[in-house]
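Asks: quick one, what's the 3D model for this:
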Amino acid sequence: MKHSYLLLFAILATLGLNACDSGDSGSDAESAAATSAMPESTQKDEAMGAIDNAVEAMDEMADEAMDDASDSLDDAADALDNMMSK
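Replies: Here you go, the predicted structure:
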């Protein structure tokens, strides 16, 4: 759960800093020119790679969350058993 909050915070911070950026427009033009100079297949490959990485990270976070929830449930069941046996 902490990882998802950290990831969300990093994304929000990046978007916030990007919105506040007052850099010159020349660098934007240069990056746009560089992007348009790349072949379309390369752009698609990079986008698919980024999506695949994001999906893998989300899958790992979901697995960790499920493991944590399972552990918590087991601990709660043990605590309940202990209370009932006393």
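
Asks: state which helix of this structure is the longest.
Replies: Identified as the longest helix of the chain according to DSSP state H is helix 40-85.

Asks: show me what it packs onto, helices and strands only.
Replies: Applying 3 or more C-beta pairs under 8 Å, 6 or more residues apart in numbering; DSSP states H and E, one finds that helix 40-85 makes contact with helix 2-20. No exception for glycine: its C-beta is placed from N, CA and C like everyone else's.

Asks: mind checking pLDDT for Ser36?
Replies: On pLDDT, Ser36 comes in at 61.

Asks: typo on my end, it should be Asp59
Replies: At Asp59, the pLDDT value in this model is 90.

Asks: could you do Thr14 as well?
Replies: 74.

Asks: against Leu8, how distant is it?
Replies: Look at Thr14 and Leu8: by C-beta to C-beta, to the nearest Å, they are 11 Å apart.

Asks: residues shared between the contacts of these two?
Replies: Common contacts of Thr14 and Leu8 (C-beta atoms under 8 Å, 6 or more residues apart in numbering): none found.
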